[in-house]
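> What follows is a protein structure lacking sequence information:
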């Protein structure tokens, strides 16, 4: 049976995400470089900070951050990329999608520079402590129910009309990726930073955060106000699809 275009896009992005998740979990060559951060954080000083710099830990952390963004965010880009394929001519679709993803990841990488500095600073000042993660967890809870977060989520559903011809099509796709990245950062910055502040268990926390972030972007736009909403749409979709599959056996 031939798969539809939208299904092929979804399968390809999920496959890439799973592959990158595997890299992060196996951690060949210590891509995430987290353990070194905590080792030197056990004796915070100017010397340990200098040792971190000499090990080029920042660049290693930035690579790990980029992989983390790809693993966690690609499933969230299924709908926007499907939108690009619907809006673009066949000969432009793939390049426009690449420009969109490039713009999106570029924004996250710029923000990642500041987040990594926060992570390294916290690890040096409060080594092996759960207090920074707990503090951010409280902030994330407040942010989750805030009208500002809902505004960012609503903007993430705003898919602008793209130009169909020439360089304007490529420009619009790149700009679409940049703006979509900004809206995603606005809604999920606290959730994204939380796992990295945990001394242990950050991989499990990343999986949970990924589930939450995908779920909240599947929800319909709402009027921005202070409101707790259990965003579990992804779980509902998984349950329904599982029931359908079981019924066909």
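Okay, I see it. Since we're looking at a predicted model, the values are computed, not measured.
> which parts of stretch 75-87 are buried?
Neighbour counts over stretch 75-87 (16 or more other Cβ atoms under 10 Å) mark 75, 76, 77, 78, 79, 80, 81, 82, 84, 85, 87 as buried. Heads up, the C-betas are built off the backbone N, CA and C, glycines and all.
> ok, the residue nearest to residue 175 when sequence neighbours are not counted - contacts?
The shortest distance from residue 175 to any residue other than its chain neighbours is 7.0 Å, reached at residue 103 (Cβ to Cβ, 6 or more residues apart in numbering). By Cβ atoms under 8 Å, 6 or more residues apart in numbering, the contact set of residue 103 is 173, 174, 175, 176, 177, 178, 180, 181.
> May I see those arranged in TSV, with neighbour count and distance to residue 24 as well?
What follows is the contacts of residue 103, written out as TSV (neighbours: other Cβ atoms under 10 Å; distance: Cβ to Cβ, whole Å):
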residue	neighbour count	distance to residue 24
173	28	27
174	19	27
175	15	29
176	22	27
177	26	22
178	16	25
180	23	23
181	25	20
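> Next step: those residues restricted to strands.
Among those, no member is found in strands (DSSP state E).
> what's the closest of those to residue 220?
Of all the contacts of residue 103, residue 180 has the smallest distance to residue 220: 17.4 Å, by Cβ to Cβ.
> Verify the stated contact: that closest one with residue 104.
Yes: in this structure, residue 180 sits in contact with residue 104. The criterion is Cβ atoms under 8 Å, and the distance is 5.6 Å.
> joint contacts of those two?
Common contact partners of residue 180 and residue 104 (Cβ under 8 Å, 6+ apart): residue 77.
> can you give me the helices in this protein?
When assigned using DSSP state H, the helices of the chain occupy the ranges 5-26, 34-41, 46-54, 57-73, 78-87, 90-125, 131-144, 147-156, 166-193, 202-218, 233-248.
> what about the residue nearest to residue 225 when sequence neighbours are not counted, neighbour count?
Across the structure, with Cβ to Cβ, 6+ apart as the measure, the residue nearest residue 225 apart from its sequence neighbours is residue 147 (5.1 Å). With neighbours defined by other Cβ atoms under 10 Å, the count for residue 147 comes to 12.
> Kindly report the same for residue 233.
Counted with other Cβ under 10 Å, the burial measure for residue 233 works out to 15 neighbours.
> By mean pLDDT, point me to the weakest helix or strand of this structure.
Every helix and strand of the chain was ranked by mean pLDDT, DSSP states H and E. The lowest is helix 34-41, at a mean of 47.
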